[in-house]
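Peer 1: this one's structure only:
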């Protein structure tokens, strides 16, 4: 009876916190919309985003609910070795700074315009790159929307579908009205919320375990399976720095993730929105120490969770360890704030991906429409509504092909953008033939490897193979073909 009363009381507390959170997001989003005066404001913040909103919208977009669930689940299952991922992601962000240093020199509305402005590729290729990007981002978008529904369901014991519909309605209102202005302003609030909650969880974990040394000692003794029926964890495995990784495996793990982080359109869009190049670089310098602290604290919470709950309850995934720890050991209001933080992590990524798809579609159709600035702005808003409606419907009624395609989305974006951007921004010789060869060669190898072997060959990740082939082909083909005309180099190679 006591447990039932606690759960019911907690649901009321969580619901109250969630309603307050959503109301604040709506108010901030609608307030920010008053600054939108043009399509350029709506899509890319008029290229004048200040350092504070820029930094918050970067790391709020970066840290999604999926990454919170996935990373804490990984540490719960595998231990300290899970920290290799944020280290690899940080190295990708260092390369992202090199991209920002030159990409921001030309004021594009969307990163996919780069193929035309830098290499002189025809409009048809830009449209192809845009559609491929939308497909890949849409798959990611659907996963994030599902995470919002799961968070709602875990928090309130309500249907996932209900959480999806309510969350997407709130997101639709502020994103459609205010575009990237509303996305950035709400990200400041949402980023601050989940930062406090996730760091707070780590501080609590260290305190509850009696400090880092005690946490280390207790985790080293764990030898239970992470989930019922799974293989037992060998003693000492949770505190191993390498875990099950091999040096060869870490190399391909790096190729799998770092290039995607460096050139992902979520982050290059932020670079383009920055007020200047200096802000686009400071964005990384400020955000990543905070992000790494967040990942470290999430690791503490997950590892403490493994000590307190050596095996997950039957029917629960390891990805649910953080909400389970808060549910069992925290006051209801704190738990409510965590769930609001998880919703914030999801929504701050979803709204950004909606805005990316909207920008690409608008840019590729605007040449066929001749309207006033206000008319074009209304078209951009209608496109936002269409994208949100499509993403919501596919999430509620998933197509099998979409689920199968999810394994390909990051690989597509890595093969599409990494080599053309990082190499193309620093080597003048890179031309359209090198880019075309690298993109199609990388995509074909990646898709073939994924389809035929997956990770069965020495644990090699297909995404890493595709990116490696893309880099090699871009360099080789550019080296043996005619250099690009000078007109495509001026904007990016002159200060």
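Peer 2: Noted; the coordinates are in hand. What you are looking at is a predicted structure, and each value in this text was computed from that prediction instead of being measured.
Peer 1: next SSE after the biggest helix by length in the chain?
Peer 2: Selection of the longest helix in the chain by residue count, based on DSSP state H, yields helix 160-209. Sequence-wise, the next helix or strand downstream of helix 160-209 (DSSP states H and E) is helix 212-220.
Peer 1: List the buried residues in that following helix.
Peer 2: Residues of helix 212-220 classed as buried: 215, 218-219 (neighbour count, 16 or more other Cβ atoms under 10 Å). (Glycine included, C-beta is placed from N, CA and C.)
Peer 1: now do stretch 26-46
Peer 2: For stretch 26-46, the neighbour count (16+ other Cβ under 10 Å) marks 26, 28-30, 32-33, 36, 39-46 as buried.
Peer 1: wait, which of those residues is closest to residue 130?
Peer 2: residue 43 (13.3 Å; Cβ to Cβ).
Peer 1: quick one, what contacts the closest one?
Peer 2: Contact analysis of residue 43 by Cβ atoms under 8 Å, 6 or more residues apart in numbering lists 109-110, 179-180, 355, 358-359, 362, 380.
Peer 1: pLDDT of the helix or strand containing it, averaged?
Peer 2: In the assignment (DSSP H and E), residue 43 maps to helix 39-44. In this model, helix 39-44 has a mean pLDDT of 93.
Peer 1: Check the offset of that helix from the chain's centre.
Peer 2: Centroid separation for helix 39-44 versus its chain: 21 Å, with Cα atoms, centre = their mean, to the nearest Å.
Peer 1: Following element in sequence after it, please.
Peer 2: In N-to-C order, the element after helix 39-44 by DSSP H and E is helix 51-62.
Peer 1: give me the low-pLDDT residue ranges for the protein?
Peer 2: For the chain, the stretches flagged by pLDDT under 70 are 1-10, 399-408, 455-456, 458-459, 495.
Peer 1: now do 50
Peer 2: 1-7, 402-404 (pLDDT under 50).
Peer 1: Go ahead and flag the most central residue of it.
Peer 2: Nearest to the geometric centre of the chain sits residue 62, at 4.4 Å (Cα atoms, centre = their mean).
Peer 1: Touching, residue 333 and residue 13? I think so.
Peer 2: Yes. Residue 333 is within contact range of residue 13, at 5.4 Å (criterion: Cβ atoms under 8 Å).
Peer 1: For the two, indicate the residue with more neighbours.
Peer 2: More crowded of residue 333 and residue 13, by other Cβ atoms under 10 Å: residue 13, with 19 against 13.
Peer 1: ok, and the closest non-adjacent residue to the more buried one?
Peer 2: Leaving aside its sequence neighbours, residue 13 sits nearest to residue 332 (Cβ to Cβ, 6 or more residues apart in numbering; 3.7 Å).
Peer 1: And residue 339, by the same measure?
Peer 2: Computed as Cβ to Cβ, 6+ apart, the closest residue to residue 339 that is not its neighbour in sequence is residue 155, at 3.8 Å.
Peer 1: for residue 114, same thing?
Peer 2: In space, and not counting its chain neighbours, residue 114 is closest to residue 108: 6.3 Å by Cβ to Cβ, 6+ apart.
Peer 1: Need the buried residues of helix 212-220 in JSON lines (columns: distance to residue 148).
Peer 2: Putting the buried residues of helix 212-220 into JSON lines (distance: Cβ to Cβ, whole Å) gives the following:
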{"residue": "215", "distance to residue 148": "31"}
{"residue": "218", "distance to residue 148": "34"}
{"residue": "219", "distance to residue 148": "31"}
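Peer 1: which of those lies closest to residue 320?
Peer 2: Among the buried residues of helix 212-220, residue 219 lies closest to residue 320 (Cβ to Cβ), at 19.0 Å.
Peer 1: what about the closest one, distance to residue 432?
Peer 2: Distance from residue 219 to residue 432, counting by Cβ to Cβ, to the nearest Å: 53 Å.
Peer 1: ok, and the closest non-adjacent residue to the residue nearest to the centre of the chain?
Peer 2: residue 291 (6.5 Å).
Peer 1: what's the neighbour count on the one you found?
Peer 2: For residue 291, using other Cβ under 10 Å, the count is 20.
Peer 1: For it, identify the helix or strand it belongs to.
Peer 2: helix 277-308.
Peer 1: Between helix 51-62 and that helix, find me the angle.
Peer 2: 40 degrees (axes from the mean of the first three to the mean of the last three Cα atoms, to 10 degrees).
Peer 1: so what secondary structure elements neighbour helix 277-308?
Peer 2: helix 51-62, helix 65-78, helix 84-103, helix 160-209, helix 212-220, helix 265-273, helix 321-329 (3 or more Cβ pairs under 8 Å, 6 or more residues apart in numbering; DSSP states H and E).
Peer 1: Look at the spatially closest residue to residue 78 that is not a sequence neighbour and tell me its secondary structure.
Peer 2: Distances taken as Cβ to Cβ, 6+ apart put residue 243 closest to residue 78, at 5.2 Å, once the chain neighbours are dropped. Under DSSP: H, G, I helix; E, B strand; the rest coil, the three-state class of residue 243 is coil.
Peer 1: now residue 121
Peer 2: On the three-state scheme (three-state DSSP), residue 121 is labelled coil.
Peer 1: still on that earlier bit, what count of nearby residues applies to the residue nearest to residue 13?
Peer 2: 19.
Peer 1: measure it to residue 16 for me?
Peer 2: Residue 332 is 9 Å from residue 16, by Cβ to Cβ.
Peer 1: Can you give the distance of stretch 376-386 from its chain's centre?
Peer 2: 24 Å.
Peer 1: and it, which residues are buried?
Peer 2: Buried positions in stretch 376-386, judged by neighbour count with 16+ other Cβ under 10 Å: 376-377, 379-381, 383-384.
Peer 1: Is it possible to get TSV of the residues you listed that adds distance to residue 75 and secondary structure?
Peer 2: Listed next are these as TSV, based on distance: Cβ to Cβ, whole Å; DSSP: H, G, I helix; E, B strand; the rest coil:
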residue	distance to residue 75	secondary structure
376	47	helix
377	45	helix
379	45	helix
380	41	helix
381	41	helix
383	39	helix
384	36	helix
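Peer 1: From these, pick the one nearest residue 211.
Peer 2: Nearest member of the buried residues of stretch 376-386 to residue 211, counting by Cβ to Cβ, is residue 384, at 48.7 Å.
Peer 1: if I pick the nearest residue to residue 377 once chain neighbours are set aside, what's in contact with it?
Peer 2: Take residue 377 and drop its neighbours on the chain: the residue closest to it by Cβ to Cβ, 6+ apart is residue 39, 5.4 Å away. Residue 39 sits next to 362, 373, 376-377, 380 when contact means Cβ under 8 Å, 6+ apart.
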